[in-house]
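*Asks:* okay, here's the prediction I keep looking at, along with the sequence it came from:
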Amino acid sequence: MTGERNVSSTIVEVENVAAGYDGEAVVEDVSFEVLPGEVVGLLGPNGVGKSTLLKCVVGVVDPLAGQVRVAGDPVTDLDREEHARRVGYVPQTESETYPMSVFDAVMMGRKPYFDWRPSERDRAVVAGVIDHLDIADLSMRDVGSLSGGQRQKVILARALAQEPLGLALDEPTSNLDVRHELESLSLLRDAADQGLAVLHAMHDLSLAARYSDRLVLLDDGGVYAQGSPDVLTAEAIEEVYGIAVSVHDTEDGIAIVPQGPSADEVIG
């Protein structure tokens with residue numbers, strides 16, 4: 001499908017979705033939405049379906065049941081180019097690429113807009129994103145020569161260059177040190193403040209609570225709880241993750257401190 005967008009106040013809608021592989025559901029009956037200006041975090045232990053749900057949102061995996069809509073249209077009705085104009089995707093890992101400058105790597109985000117050669121506007125968009133993310137000094141560097149934090153910025157820049165309505169990110173802070181974790185999440189918060197809908201999956205509960213407006217906590221099979229970061233109670237975390245924690249209020253949000261395995265695990 002191409003043409004005009006079906007304008008919707010909700011950018012991402014996940015409705016009663018079951019998703020998995022080879023006909024086997026990893027996660028079932030999941031519903032949530034992401035509005036413009038919101039950061040929504042998908043949380044839960046490994047294997048509960050966070051990455052699978054993100055892949056449904058970006059059209060890599062088709063739902064086994066239910067429906068995912070982006071800007072009002074079912075994902076399954078969108079061709080690749082139109083979908084890329086609506087949602088920018090930052091995967092958890094990327095395969096090695098051919099040698100390429102940072103500028104050219106970010107220009108890849110403009111591919112949904114041109115066939116053979118980028119226009120002056122495409123170049124202007126890329127230059128603007130690079131400047132906004134403060135990586136102009138890296139423009140002519142080979143992506144392969146960058147540090148992990150620098151490369152993460154380039155991947156985010158490529159997604160932003162798509163001029164999407166939303167972003168979907170799988171573990172956007174993986175393999176980053178603390179400084180670059182905070183920097184990356186601040187950039188996502190800034191993107192939301194500029195009107196984008198941001199959906200991410202993370203393992204760090206404290207950071208997810210600090211930088212997200214709403215959280216969807218997944219347990220085996222589906223949604224355990226969703227809502228404001230306050231859904232991350234000590235009881236919920238112990239039941240979902242099997243680890244005892246203490247939850248503390250701070251000026252920057254809640255801080256979650258692990259205490260050890262749950263009593264049931266120790267007894268078992």
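*Replies:* The structure has been received and is ready for your questions. Residues are numbered from 1 along each chain as shown.

*Asks:* show me what contacts Thr76?
*Replies:* By C-beta atoms under 8 Å, 6 or more residues apart in numbering, the residues touching Thr76 are Gly59, Asp62. C-beta coordinates here come from the backbone N, C-alpha and C atoms, glycine included.

*Asks:* helix, strand or coil: sort out it for me.
*Replies:* When classified by DSSP: H, G, I helix; E, B strand; the rest coil, Thr76 comes out as helix.

*Asks:* now find how far off-centre the strand or helix carrying Leu156 is within its chain.
*Replies:* Using DSSP states H and E, the element containing Leu156 is helix 148-161. In terms of C-alpha atoms, centre = their mean, to the nearest Å, the centre of helix 148-161 is set 13 Å apart from its chain centre.

*Asks:* quickly list the domain ranges of this structure.
*Replies:* The chain breaks down into these domains under automatic domain parsing: 12-96+161-228, 233-268.

*Asks:* re earlier: beyond the helix holding Leu156, next helix or strand please.
*Replies:* strand 166-170.

*Asks:* model confidence score at the residue nearest to the spatial centre of the chain, please.
*Replies:* What sits nearest the mean C-alpha location of the chain, by C-alpha atoms, centre = their mean, is Leu169, with 2.1 Å. Here the pLDDT value assigned to Leu169 is 96.

*Asks:* can you pull the buried residues of the helix holding Leu156?
*Replies:* Within helix 148-161, the residues that count as buried by 16 or more other C-beta atoms under 10 Å are Gly149, Arg151, Gln152, Lys153, Val154, Ile155, Leu156, Ala157, Arg158, Ala159, Leu160, Ala161.

*Asks:* and if you look at stretch 183-197?
*Replies:* Glu183, Ser184, Leu185, Leu187, Leu188, Arg189, Ala191, Ala192, Leu196, Ala197.

*Asks:* restricted to helices, list these.
*Replies:* Counting by DSSP state H, the buried residues of stretch 183-197 place Glu183, Ser184, Leu185, Leu187, Leu188, Arg189, Ala191, Ala192 in helices.

*Asks:* between which two of these is the distance greatest?
*Replies:* Using C-beta to C-beta, the pair of those lying farthest apart is Glu183 and Ala192, separated by 15.4 Å.

*Asks:* what's the average pLDDT for stretch 197-214?
*Replies:* For stretch 197-214, mean pLDDT is 95.

*Asks:* ends of that stretch, how far apart?
*Replies:* End-to-end distance for stretch 197-214, by C-alpha to C-alpha, to the nearest Å: 12 Å.

*Asks:* which of the residues in it are buried?
*Replies:* For stretch 197-214, by 16+ other C-beta under 10 Å, it's 197-202, 204-214.
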